[in-house]
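K.L.:
got a predicted structure plus its sequence, pasted below:
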Amino acid sequence: MNTRKTVLATLLAALAAAPLAVTPVTAQAQAHAPAAHVYTQAELDQMLAPIALYPDGLLSQVLMAATYPIEVVEAARWSRANPGLRGDDAVRAVQNEDWDPSVKSLVAFPEILQRMDEKLEWTRALGDAFLAQEPQLMDQVQRLRQRAAANGNLRSDEQIHVVHEGPVIVVRPARPEYVYVPYYDPLVVYGTWWWPDYRPVYWAPWPGYARPRPSYAFWWGRPIGISVGFFFGDFDWGRRHVRVAHNSYYYRQPVYYSRAYSGDRTRWQHDPHHRRTVAYRNTEVRQRFATAQMERRETVREERRDGRQSAFQAQPRSATPQAQPQAVAPAQRFDRREDRRDDRRDDRRAERQVAPAPIATPTPPAAQPRVDRREDRREERRAERQATPAATPATQPRFEQRDDRRAERQAAEAQRQAQQQARQAQESQRQAQQQAQQQARQAQQQAREAQRQVQQQARQPQPAATMPAAQAPQTPRAERQERREERREQREHRKDRDKG
């Protein structure tokens, strides 16, 4: 136990002293590290446009859930597998899932979960902006609501209750036991969009949604029944952060509390455990939750060691006193070896959390023990399988794979036959066109030949019997003219033959 405490104290001291004393490789990496990305006002308006007019409780828990994209994907799959569950029934059905309470609460609203799953990059950007720029994000929500109210599109009705508290606009459900999830077109409800290079995020209306009248900007669907106190999240517009209004049945405060928020215990706390393997894009956010992740890993290591010790104590031992030291010594060596392996793995992960993502760690992969590299690859593959939307073909039964291959071959053969028939039809059409062109040329040649014969007969002299006696013999000039005409006809005949 003293060894583990010493290791933990050493890691924490190294993280605290990192800005002052770093190795040359780390200093060089920090010198070339890119600046943390800060979302501009245009980008915040772009991602907040389709949800800024949601009721405050629903919007706050959407922002919370966006910080856990992997769990959002898992919840969306569960919702698709259970299409008949909505509202409180759906939330009660997922109580045994290892998800954050905000993600569990969204299974009551399947339409929202599906859009967050389909637009996963938007979901992750929304969560990153919420963690890094929470005050600016809340200011942009109020600006968008003020624009919608100025255009006459945000007002109280049978579905929502809009309250103007000075410069702040609060949106709540009209009845606490029912929630209507609104749909609206950002290009209509806010008026002319003011960022031409950053068009708002948009999706089509959900099935079953309709407008009460054509001039109304909102589309409404069926109400979703919830229990009283369903929404544990709310906005503290004065302090510009999301708070936990009450600890409902669905909400449990995370074990970790950030030092920056220790003064306000009602402020919502992000739990890095539910972040899974998704990295934090912002450097400040990454450093803020690095200590929490180290503490959680230490807790997991303690539980793993306790489990190994319990398993060893449960093994049957020999009654001979001399055999006991031989049985205890290998277990102790195994624990020390596991401790050293866990320490090395935690050191590498801590370096990756503190160092910028694009810069490689100083230790080359070849220097790592083979067991550690195998464990890291196994964890990466497990994370990829969890983030994959659909199952890979390798997970299908063998007979299903065989049927799929047979169907693919049949489809390829049908496509090949269709292509062959199309080529034969094209060849037949080409031959018919050639025959028609040849027949047309022959007909033209025959017509020219008949015309030439008629002209030749017309130019021939009349017989001597019909001519007067004085005109019967031809003069040399007439003979030359006749030969000239014959040569001209021969040339024309050769030209026609060459053309044919």
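P.N.:
On my side now, so go ahead.
K.L.:
tell me the contacts of the closest residue to Leu187 other than its chain neighbours?
P.N.:
Nearest residue to Leu187 in three dimensions, chain neighbours excluded: Trp193, at 5.7 Å (CB to CB, 6 or more residues apart in numbering). The C-beta positions use only the backbone N, C-alpha and C, and glycine is treated the same way. Contact analysis of Trp193 by CB atoms under 8 Å, 6 or more residues apart in numbering lists Pro186, Leu187, Arg199, Pro200.
K.L.:
out of the residues you listed, which is nearest to Gln439?
P.N.:
Of all the contacts of Trp193, Gln439 sits closest to Arg199, with 61.4 Å by CB to CB.
K.L.:
surely that closest one meets Ala49?
P.N.:
No: between Arg199 and Ala49 there is no contact under CB atoms under 8 Å: 9.1 Å.
K.L.:
one step back: how far away is the residue nearest to Leu187 from Asn151?
P.N.:
With distances defined as CB to CB, to the nearest Å, the gap from Trp193 to Asn151 amounts to 12 Å.
K.L.:
do the same with Glu303
P.N.:
56 Å.
K.L.:
what do you get for Asp271?
P.N.:
In this view, Asp271 and Asn151 are 39 Å apart by CB to CB.
K.L.:
ok, the two, which is more surrounded?
P.N.:
Legend: neighbour count by other CB atoms under 10 Å for Asp271 and Asn151, higher for Asp271 (21 against 14).
K.L.:
distance check, the more buried one against Arg497.
P.N.:
Here the criterion is CB to CB. By it, Asp271 lies 95 Å from Arg497.
K.L.:
can you tell me which of the contacts of Trp193 is closest to Glu158?
P.N.:
Pro186 (22.7 Å).
K.L.:
I'd say that closest one and Pro200 touch.
P.N.:
Yes: the pair Pro186 and Pro200 qualifies as a contact (CB under 8 Å) at a distance of 3.9 Å.
K.L.:
tally of neighbours for Ala422?
P.N.:
Residues contacting Ala422 under the criterion other CB under 10 Å number 10.
K.L.:
what helix or strand does it sit in?
P.N.:
Mapping Ala422 onto the secondary structure by DSSP states H and E places it in helix 398-459.
K.L.:
and that helix, what's its mean pLDDT?
P.N.:
For helix 398-459, mean pLDDT rounds to 86.
K.L.:
packing partners for the following helix or strand past it?
P.N.:
Per DSSP H and E, helix 398-459 leads on to helix 476-499 as the next helix or strand towards the C-terminus. Taking 3 or more CB pairs under 8 Å, 6 or more residues apart in numbering; DSSP states H and E as the contact definition, the neighbouring helices and strands of helix 476-499 are helix 398-459.
K.L.:
the helix it packs on: how far from the chain's middle?
P.N.:
Its chain's average C-alpha position is 48 Å from that of helix 398-459, according to CA atoms, centre = their mean, to the nearest Å.
K.L.:
what packs against it?
P.N.:
In terms of contacts (3+ CB pairs under 8 Å, 6+ apart), helix 398-459 is packed against helix 476-499.
K.L.:
quick check: mean pLDDT of the helix it packs on?
P.N.:
Over the span of helix 476-499, the pLDDT mean works out to 84.
K.L.:
can you count the residues close to the residue nearest to Ala387 when sequence neighbours are not counted?
P.N.:
Spatially, and ignoring its direct neighbours in sequence, Ala387 is nearest to Ile70 (5.9 Å; CB to CB, 6+ apart). Ile70 has 19 neighbouring residues, counting by other CB under 10 Å.
K.L.:
Arg448 now?
P.N.:
Arg448 has 15 neighbours, counted by other CB under 10 Å.
K.L.:
next one: Gly225
P.N.:
Under the neighbour criterion other CB under 10 Å, Gly225 is assigned a count of 15.
K.L.:
quickly list what it is bridged to.
P.N.:
Under DSSP bridges, the beta-bridge partners of Gly225 are Tyr178.
K.L.:
any figure for the gap between it and Arg337?
P.N.:
Looking at Gly225 against Arg337, where the rule is CB to CB, the gap reads 56 Å.
K.L.:
so for stretch 374-381, what's the average pLDDT?
P.N.:
Per-residue pLDDT values over stretch 374-381 give a mean of 78.
K.L.:
give me the number of residues near Val341?
P.N.:
One thing to correct before we go on: residue 341 is Arg, not Val. 14.
K.L.:
apologies, that question was intended for Gln140.
P.N.:
Around Gln140 sit 23 other residues, with neighbours defined as other CB under 10 Å.
K.L.:
swap in the one 10 residues further on?
P.N.:
As a burial measure, Ala150 scores 11 neighbours (other CB under 10 Å).
K.L.:
next one: Ala436
P.N.:
Per other CB under 10 Å, the neighbour tally for Ala436 reads 10.
K.L.:
kindly report the same for His164.
P.N.:
The number of residues packed near His164 is 12, by other CB under 10 Å.
K.L.:
next one: phi and psi at it?
P.N.:
Here the main-chain torsion angles of His164 (degrees, to the nearest 10) amount to phi -100, psi 110.
K.L.:
where does the stretch 201-350 of the chain dip in pLDDT?
P.N.:
With pLDDT under 70 as the threshold, the stretch 201-350 of the chain has low-confidence stretches at 246-264, 292-297, 300, 309, 311-335, 349-350.
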